[in-house]
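# task: produce atomic coordinates for the following.
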Amino acid sequence: MAARRGKGGGRRPDGRRVRYAVVGLGHIAQVAVLPAFRHAARNSELTALVSGDEVKLRRIGTKYRVAHRVRYHELGQLLGSGEIDAVYLALPNDLHHPVGLQVIEAGVHLLCEKPLALTEWECRELIEAARAADLRLMTAYRLHHDLATLEALKLVRAGRIGEPRFFSSTFSMQVTDRDNIRLQAERGGGPVFDLGVYCINAARALFRAEPVQVLGMNAAGPDRRFAEVPEMTFGLLRFPEERIASFGVSFGAGETSAYRIVGTKGDLVVEPGYEYAERLGHRLTIGQRRRTRTFPRSDQFAAELVAFSDAVLKGRDPESSGWEGLADVRVVEALLRSAIEGRLVDLPAFDRERRPDPRQAIRLPPVSKPEPVHARSPRD
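Model prediction:
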């Protein structure tokens with residue numbers, strides 16, 4: 001099935017399913033992305049795998065019956081073959097921009113893991129390239145289609161906690177693998193790029209606004225794991241209407257994953273708040289009344305595949321587009337600059353009209369994590 005060119009040069013599939021190449025077969029790709037194609041089969045098809053590890057290509061390709069299995073140096077040939085319509089990019093952070101640009105310039109749609117890139121300038125280059133080629137570009141915010149997350153937004157927007165005034169969050173884990181790319185500065189490592197984007201994204205969505213001023217602070221103990229990147233980053237974000245968000249992320253602390261939004265009438269705690277393999281939970285408090293709710297596990301990665309494929313098939317930009325990825329990266333850049341310079345950093349005005357909508361919820365059954373091949377969890 002050959003692909004055809006859409007209006008403006010963008011490639012659109014001939015059939016009802018978008019054919020994907022997954023580029024990068026690290027831990028998250030193996031335990032979450034690849035299994036998700038089974039639940040996304042109504043409009044998504046796993047067609048190719050790209051890796052530098054022959055064992056991964058052979059064993060994983062056989063397991064999922066993938067027709068095309070190529071090494072990194074053969075990616076250009078695959079992109080130009082007409083055998084794929086889209087790429088799920090799951091490479092280290094520093095490769096999101098150069099490889100993403102290669103994908104777009106080949107006329108292939110791009111679903112890119114977070115962060116979209118390491119700088120605002122790199123994000124803008126990806127966005128502009130996709131726009132010029134009439135291609136779909138999506139930042140992989142899986143929680144934008146998660147029921148617990150969208151119900152939290154719905155509660156706040158409905159005024160259940162009154163006017164939202166402040167947000168706080170923690171997201172932490174122990175990265176015990178000393179060779180993990182998250183601990184390497186040149187690969188775009190550090191907790192704020194890996195974990196902090198979740199906190200920033202949640203605050204922006206709940207406040208329905210963009211921060212105007214930030215203050216960042218890094219910290220690291222004597223542990224040799226943190227020779228290149230901070231152990232912890234804490235951030236303070238000022239939003240319009242005198243609202244404040246604070247968060248702390250760490251690669252050297254016990255596991256936490258929660259956020260809290262406090263309004264003039266009550267508050268909502270979402271805990272766990274950012275996980276993909278656990279049940280997420282709400283605790284809503286209004287005056288003396290407290291209500292808890294637990295949401296069943298779901299396949300968040302399949303949901304984002306379904307959403308992106310739908311955007312590709314219909315020729316429209318997804319909500320969590322390149323602009324949504326840029327919105328978080330610009331805040332991360334400012335926080336890191338603030339931490340280095342020891343001062344408040346002002347952010348220029350940024351207009352972001354599209355926000356996650358409760359109608360975006362896609363509920364799909366959870367997957368069982370397979371045993372990865374030549375890949376370790378950062379927590380192992």
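# please export the C-alpha coordinates of stretch 140-153 as CSV.
Listed in CSV are the C-alpha atoms of stretch 140-153, where the atom choice follows Å, rounded to 0.1, in the frame of the first residue of the first chain:
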residue,chain,number,x,y,z
ALA,A,140,3.6,12.7,23.0
TYR,A,141,1.6,14.0,26.0
ARG,A,142,-0.2,10.7,26.8
LEU,A,143,-2.0,12.2,29.8
HIS,A,144,-3.9,14.6,27.4
HIS,A,145,-6.2,11.6,26.6
ASP,A,146,-6.3,10.1,30.1
LEU,A,147,-9.6,10.1,31.9
ALA,A,148,-8.2,11.0,35.4
THR,A,149,-6.3,14.0,34.0
LEU,A,150,-9.2,15.3,31.9
GLU,A,151,-11.6,14.8,34.8
ALA,A,152,-9.3,17.0,37.0
LEU,A,153,-9.4,19.7,34.3
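# can you list contacts of it?
88, 111-114, 198, 201-202, 205-206, 261, 268, 270, 273-274, 276, 280-282, 293, 295, 298, 300-301, 303-304, 306-307, 319-320, 324, 355-358, 360-363 (C-beta atoms under 8 Å, 6 or more residues apart in numbering). Yep, even glycine has a C-beta here, placed from its N, CA and C like the rest.
# let's see it at 6 Å
Under the contact criterion C-beta atoms under 6 Å, 6 or more residues apart in numbering, stretch 140-153 has outside partners 111, 113-114, 205, 270, 280, 295, 300-301, 303-304, 307, 320, 356, 358, 360-363.
# buried subset of those residues?
When burial is judged by neighbour count using 16 or more other C-beta atoms under 10 Å, the buried members of the contacts of stretch 140-153 are 111, 113-114, 205, 270, 280, 295, 300-301, 303-304, 307, 320, 356, 360-362.
# out of these, which are inside helices?
Counted as lying in helices by DSSP state H, out of these, are 205, 300, 301, 303, 304, 307.
# would JSON lines of those with pLDDT be doable?
Listed next are these as JSON lines, based on pLDDT from 0 to 100:
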{"residue": "205", "pLDDT": "98"}
{"residue": "300", "pLDDT": "98"}
{"residue": "301", "pLDDT": "98"}
{"residue": "303", "pLDDT": "98"}
{"residue": "304", "pLDDT": "98"}
{"residue": "307", "pLDDT": "98"}
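# closest one of these to residue 238?
Closest to residue 238 out of these is residue 205 (16.8 Å), distances taken as C-beta to C-beta.
# contact partners for the closest one?
With contact set as C-beta under 6 Å, 6+ apart, residue 205 has these partners: 153, 356.
# pretty sure residue 364 sits against residue 301.
No - here residue 364 lies out of contact with residue 301, judged by C-beta atoms under 6 Å, at a distance of 9.2 Å.
# coming back round to it: ok, the ones in helices among the buried ones among the contacts of stretch 140-153 vs residue 331, which is closest?
The shortest approach to residue 331 among these belongs to residue 205, at 12.9 Å (C-beta to C-beta).
# distance of that closest one relative to residue 211?
In this structure, residue 205 and residue 211 are separated by 12 Å, where distance is defined by C-beta to C-beta, to the nearest Å.
# what do you get for residue 76?
Summarising the geometry, the distance separating residue 76 from residue 211, computed by C-beta to C-beta, is 39 Å.
# which of these two has more neighbours?
residue 211 (26 against 14; other C-beta atoms under 10 Å).
# residue 215: what secondary structure?
Of the three states, residue 215 takes strand under DSSP: H, G, I helix; E, B strand; the rest coil.
# contacts for stretch 184-198, please.
Residues from elsewhere that reach stretch 184-198, judged by C-beta under 6 Å, 6+ apart: 92-94, 114-115, 118, 171, 181-183, 228-230, 233, 249-251, 274, 328, 332.
# for that stretch, buried residues please.
Judged by neighbour count (16+ other C-beta under 10 Å), stretch 184-198 contains these buried residues: 184, 187-198.
# what residues are up against residue 275?
residue 257.
# ok so it is a strand residue?
No - the assignment for residue 275, made by three-state DSSP, is coil rather than a strand.
# how much space between it and residue 24?
With distances taken as C-beta to C-beta, residue 275 is found 21 Å from residue 24.
# among the contacts of stretch 184-198, which are located in strands?
Using DSSP state E, 171, 233, 249, 250 are the members of the contacts of stretch 184-198 that sit in strands.
# partner residues bridging the last one?
According to DSSP bridges, residue 172, residue 232 are recorded as the beta-bridge partners of residue 250.
# done for today, thanks.
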